[in-house]
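# structure for this input, please:
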Amino acid sequence: MNILPLQTKTRRFELTADTVNNLNERLILVDTGKPRLAKNILRNVLRRWACRSSDIVATVRELVSEASNAIDYATKGDLNGLGACMSKYWVLKKTMAGESSGVEPDNINQVLQLLTSSKKIAGGTLCGAGGGGFLALMATEGTSRADMESAVKVSEGGNEDFKWHNCTVAEDGLLIDVK
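Numbers count the residues shown, from 1 in each chain. Okay, the predicted model is just below:
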């Protein structure tokens, strides 16, 4: 499989009404209160990609494969599988950036471990390049945003700036009305 030049392809896929409702209940977005450091992280990723080391090329292939897996889980309504893909995606993004990149602040790692070990989430990832910003979480069935918020609030690690938000699926995509 030739992966160069890199290309982005999009396709629309249909979700059942039940899957959309379940996503609306279980997908949580957390503003970590930490500004993202995307410039430095992106520079590191591009530097590592330019070297075309075998681990980076394999990681890019895995990212592509996991995107397909995420679509499969979503279209089957398997939100636990989708959550696992979110976590795998986060591991792969950290690999792309490198260990000492600062892509994952310590408190984010602690929160993800806490919520995973307490079975409150099926998976999660920092959005964008990482380093801070927004955390997307897939709650386990029956776990509410308030349940997660309470668990994190009693933990230590500088999470008092977190702002928790419910998410909903935008079934029409982004609509812009210019007048």
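
# dead centre of the chain: give me the residue that sits there.
Thr125 (2.8 Å; Cα atoms, centre = their mean).

# phi first, then psi, for that one.
The phi and psi values for Thr125, taken as degrees, to the nearest 10, are phi -160, psi 150.

# if I look at it, how far off is Cys51?
Separation of Thr125 from Cys51 (Cβ to Cβ, to the nearest Å) stands at 25 Å. Where you see a C-beta, it was placed from the backbone N, CA and C, and this is true even at glycine.

# then Cys85?
Taken as Cβ to Cβ, the span from Cys85 to Cys51 is 27 Å.

# cool, Lys34 as well?
From Lys34 over to Cys51 (counting by Cβ to Cβ), the distance is 29 Å.

# pull out the buried positions in the helix or strand harbouring Val45.
Assessed by DSSP states H and E, Val45 sits inside helix 38-51. Neighbour counts over helix 38-51 (16 or more other Cβ atoms under 10 Å) mark Ala38, Ile41, Leu42, Asn44, Val45, Arg48 as buried.

# closest to Glu156 out of those?
Ile41 (25.6 Å; Cβ to Cβ).

# I figured the closest one hits Gly102, correct?
Yes - in this structure, Ile41 is within contact of Gly102 by Cβ atoms under 8 Å, at 6.8 Å.

# hey, where'd the strands end up in the chain?
27-31, 121-126, 134-139, 163-166 (DSSP state E).

# now tabulate the ones you listed in a markdown table and tack on distance to Arg11 and mean pLDDT.
As requested, these are exported to a markdown table (distance: least, Cβ to Cβ, whole Å; pLDDT from 0 to 100):
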| stretch | distance to Arg11 | mean pLDDT |
| --- | --- | --- |
| strand 27-31 | 21 | 95 |
| strand 121-126 | 21 | 96 |
| strand 134-139 | 21 | 95 |
| strand 163-166 | 27 | 94 |
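
# can you tell me which of the ones you listed is packed in deepest?
Highest mean neighbour count among the strands of the chain (mean count of other Cβ atoms under 10 Å): strand 121-126, with a mean of 24.
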